[in-house]
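Asker: The following block contains a protein sequence and its predicted model.
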Amino acid sequence: MLIRKATLCSFGSRLTPPLIKIAVKIVNRPLRSPHGTRLQGYERELLERYPGLNVVLAEAGVGWIPFFAQEFDYYQVSFAPSSAGVGRQRDIPRPPSEYIYGQVYGAFICDAVGCKLLPEYGLDTFMWSNDYPHSACIWPGATQFIAQDLGHLRPEDRAKVLCGNAARLYNDGQLPPPADPPGEVRDLEAGNEVHWHE
């Protein structure tokens with residue numbers, strides 16, 4: 001199977017059934033880890049074999065990702081290969097954390113721990129979200145949470161997390177056009193040209 005670029009998304013605390021089917025089909029084995037977490041199958045199989053594959057873990061926060069990347073590195077170097085699903089399952093050319101930080105994207109609404117870790121972990125793969133219009137949504141007070149969680153970052157790093165990483169992942173780095181100003185649309189064709197150009 002040839003995969004040049006693809007994105008798998010998982011929402012919430014578990015893999016969604018369609019994602020499991022896709023991942024298992026590509027991997028041809030169950031996804032499991034030393035701790036029973038979902039990243040083991042990705043980092044051991046998918047991410048090495050398919051460098052154009054990106055995985056998005058949405059609605060799960062990001063503060064836990066550096067810990068699990070560290071744990072996967074530990075198990076990779078500390079244990080002999082095992083097909084039983086405990087410890088290292090096979091040799092891979094790079095530490096698991098390199099695959100995770102290169103190909104696994106995480107989305108968060110407000111995550112004080114994850115954001116404190118951002119200067120060292122996830123600056124290129126963590127993405128802020130306000131989760132509008134769901135019940136966990138922080139709109140219209142999002143600016144307060146952005147200042148609280150991301151205020152310590154340099155402006156260019158904050159821009160990456162707020163919109164740049166998502167634009168790079170989903171739209172080849174191009175940001176969407178600005179929102180329409182409030183009020184009546186006077187020139188529908190001009191508005192369509194801005195929002196629907198090729």
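Answerer: Received, thanks.
Asker: so Asp157 sits in a helix?
Answerer: Yes: per DSSP: H, G, I helix; E, B strand; the rest coil, Asp157 lies within a helix segment.
Asker: Look up how far Gly114 lies from the residue nearest to it when sequence neighbours are not counted.
Answerer: Nearest residue to Asp157, sequence neighbours excluded (CB to CB, 6 or more residues apart in numbering): Leu123, at 5.9 Å. (Each C-beta comes from the backbone N, C-alpha and C, glycine too.) Going from Leu123 to Gly114 by CB to CB, to the nearest Å gives 11 Å.
Asker: Just to check, the residue nearest to Asp157 is in contact with Val161?
Answerer: Yes: Leu123 is within contact range of Val161, at 7.2 Å (criterion: CB atoms under 8 Å).
Asker: and these two? which has more neighbours close in?
Answerer: Between Leu123 and Val161, counted using other CB atoms under 10 Å, the more crowded position is Val161 (25 against 16).
Asker: That one - that's part of a strand, no?
Answerer: No: counting by three-state DSSP, one finds Val161 to be helix, located in no strand.
Asker: What residues does the nearest residue to it once chain neighbours are set aside make contact with?
Answerer: In space, and not counting its chain neighbours, Val161 is closest to Trp128: 5.3 Å by CB to CB, 6+ apart. If you count contacts by CB atoms under 8 Å, 6 or more residues apart in numbering, Trp128 has them with 107-109, 146, 149-150, 161-162.
Asker: same question, His152
Answerer: 115-116, 119.
Asker: For Asp91, state which of these is nearest.
Answerer: The shortest approach to Asp91 among these belongs to Pro119, at 31.4 Å (CB to CB).
Asker: picking that back up, in JSON lines, list the contacts of His152 along with neighbour count and secondary structure.
Answerer: Formatted as JSON lines, the contacts of His152 follow (neighbours: other CB atoms under 10 Å; DSSP: H, G, I helix; E, B strand; the rest coil):
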{"residue": "Cys115", "neighbour count": "25", "secondary structure": "helix"}
{"residue": "Lys116", "neighbour count": "13", "secondary structure": "helix"}
{"residue": "Pro119", "neighbour count": "12", "secondary structure": "coil"}
